[in-house]
Each structure stands twice: as structure tokens, then as C-alpha cells.
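[1] below: sequence and its predicted model.
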Amino acid sequence: MPPQAKRSTCHHGGWKVEPKGSILLVYFVADESGSMGNNIGELNEGLVTLQDALQRQPFAAARVRFSVIGFSDTAFTHLEAADLRETTWLPSLGANGLTSYAAAFQELEYRISVDIPHLKASGYTVHRPAVFFLTDGQPNSRDNWRAARERLLAQPAAPNIIAFGIGDADADTVAQLATKQHYAFKSARGVDTGAALSEFLTSLTQSVISSGQAFAAGNAELQFDRPEGFTLAVDVV
């Protein structure tokens, strides 16, 4: 007898593949404005380290789809939602231009509207996306980012946004980026920008691994820790 084919199930008159388990979409949204120039190399190295770490944690990585969006004057998806167990490369980010948070939120809104239906059609249960938003400065003076953020958060699959400010980022602005007060972090006064970026990347890597492990264990809950050398943005006075 031929091997048994993978069975599909019928639902409301149509066919769909059997469920494959729960997935957490993670979007890393990175500031690529000119002020990141001195630290962009470290950021790229950190992404490679994250990929290596996830490939050593295949059960956690199986529950995560990781995407990279960069923004300056415009925003661009450098890496569409990917299974890092199977990804052989990660994008190299650059640094130029100004800082448009609006462009970042618009790109996020589009990607989420595409990625979630695609994963669902492939048989996955998709949970609310997590966005790790990193910035080192203030947005453009005429950047209508608050309206773009509101549109992003108005959709049914509105993400959780964890915001991190380094360098010249303003604590009040970082707090407004995040979706909850305890999701907003600013590097402490006196902490070198490069050191803060390194700690952020360590925290990002561990957060992705811990979240993947939680999902693999049946606990579909976002996991993240405050990076060393950061304070809650609302704590900065």
C-alpha cells in the first residue's frame, strides 16, 4: 500500500491543512537613520548572534517567525517573517537619512496584514505579534507617527510593542511608542550607546528564545526582560 497521505480537514465547506501548532510573529524594527552610523556594525553582528542562538534552540525557534524592518526616511522589510532554523543569511542594515516612525508603523501594518493570513493558510495558530522597536533619536518634526501608530493598533491583530530608546532617544517619546507602560525602556544616563545596544541585543535574543520555549511548552505568552543598563522609560526624570 502507498504511504498514507497527509490528511486535510474540511471546515465550513472548504479544505484546509491540519493545524501545525502555535506561532509567535516577532518583528524587530530597527532605526537606520544616520545617527546609528557608529553602531550599525554592532547591530548587524548582534543579528547574526541571534540567528546562531536560535539555531541552537530548534524547539524554541520552531515556534517563532522573525522579521526585520529598518526605517529612516522610509521603511523597508529586510527580512520577511522567517523560520530562523532554515534561514542561511540575515540582512545587513545601513545608516543614513532622518527618522520616520510613521514609515515604520505603516510598514508594520502592511507586513502584519500579509504575514498572519499566510501563516494561518499554512495551518498555524498565530498569536498576537510582538514588536521590538529600537530607536536612538527623535522622529522628524513633521512625522505624523501617532496617527500611523493608531491605525496599526486599530487592526484586530494589533501587536504588542516593546520600545527601546538608546543614545539621544527621548524617554517620553519611547513611552508613547510602547503599548504598555512596562513595555518602554530607555538606556540609563551615562551608559555608552554602544554598550546599551549590546545589552539590548542580548535581551532581544533571550526574549525570542524564552518566548519560543514558552510557546513550545504550551504557554503562549510573550517573554522579555529589561536589558541591563536600561530603566523603564516612565522612571526617567
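    Yes, it's here. Numbering: from 1, shown residues only.

[2] where does the prediction get shaky in this protein?
    1-19, 235-237 (pLDDT under 70).

[3] what lines up beside the top strand by length along it in the sheet?
    Secondary structure of the chain read by DSSP state E shows that its longest strand is strand 21-31. Sheet neighbours of strand 21-31, with direction, are listed as strand 64-71 (parallel), strand 124-126 (parallel), strand 130-135 (parallel) (DSSP bridges).

[4] any chance of TSV for these, columns mean neighbour count and distance to residue 49?
    To be clear about C-beta, it is placed using only N, CA and C from the backbone, and glycine gets the same treatment. Formatted as TSV, the strands paired with strand 21-31 follow (neighbours: other CB atoms under 10 Å; distance: least, CB to CB, whole Å):
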stretch	mean neighbour count	distance to residue 49
strand 64-71	24	13
strand 124-126	17	27
strand 130-135	24	15
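
[5] can you put these in CSV and add distance to residue 82?
    Shown next, in CSV, are those (distance: least, CB to CB, whole Å):
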stretch, distance to residue 82
strand 64-71, 6
strand 124-126, 14
strand 130-135, 15
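
[6] so which of these gets nearest residue 100?
    Residue 100 lies closest to strand 64-71 among those, at 6.1 Å (CB to CB).

[7] that closest one: what's the following helix or strand?
    strand 75-82 (DSSP states H and E).

[8] quick one: contacts of that following strand?
    25, 65-70, 87, 90-91, 93, 100, 103-104, 106-107, 111, 115, 118-119 (CB atoms under 8 Å, 6 or more residues apart in numbering).

[9] please apply the same query to stretch 193-204.
    By CB under 8 Å, 6+ apart, the list of residues contacting stretch 193-204 reads 28, 38-39, 42-43, 46-47, 49-50, 132, 134, 136, 164, 166-167, 187, 224-230.

[10] just the buried members of those residues?
    Neighbour counting by 16 or more other CB atoms under 10 Å classes 28, 39, 43, 46-47, 50, 132, 134, 136, 164, 166-167, 187, 224, 227, 229-230 among the contacts of stretch 193-204 as buried.

[11] next step: the contacts of stretch 193-204 restricted to helices.
    Among the contacts of stretch 193-204, the residues falling in helices (DSSP state H) are 42-43, 46-47, 49-50.

[12] thought residue 102 was touching residue 143?
    Yes - using CB atoms under 8 Å, residue 102 makes contact with residue 143 at a distance of 5.0 Å.

[13] out of those two, which sits in the busier spot?
    residue 102 (22 against 18; other CB atoms under 10 Å).

[14] so how far is residue 214 from the more buried one?
    Separation of residue 102 from residue 214 (CB to CB, to the nearest Å) stands at 32 Å.

[15] just residue 24 next, same as before
    For residue 24 relative to residue 214 (CB to CB), the value is 9 Å.

[16] next, show the common contact partners of those two.
    With CB under 8 Å, 6+ apart, residue 24 and residue 214 have common neighbours residue 220.

[17] mind checking which of the two has more residues around it?
    residue 24 (22 against 18).

[18] bridging across strands, which residues link to the more buried one?
    Bridge pairing for residue 24 - DSSP bridges - gives residue 64.

[19] that one contacts residue 62, doesn't it?
    No - in this structure, residue 24 is not within contact of residue 62 by CB under 8 Å, at 10.7 Å.
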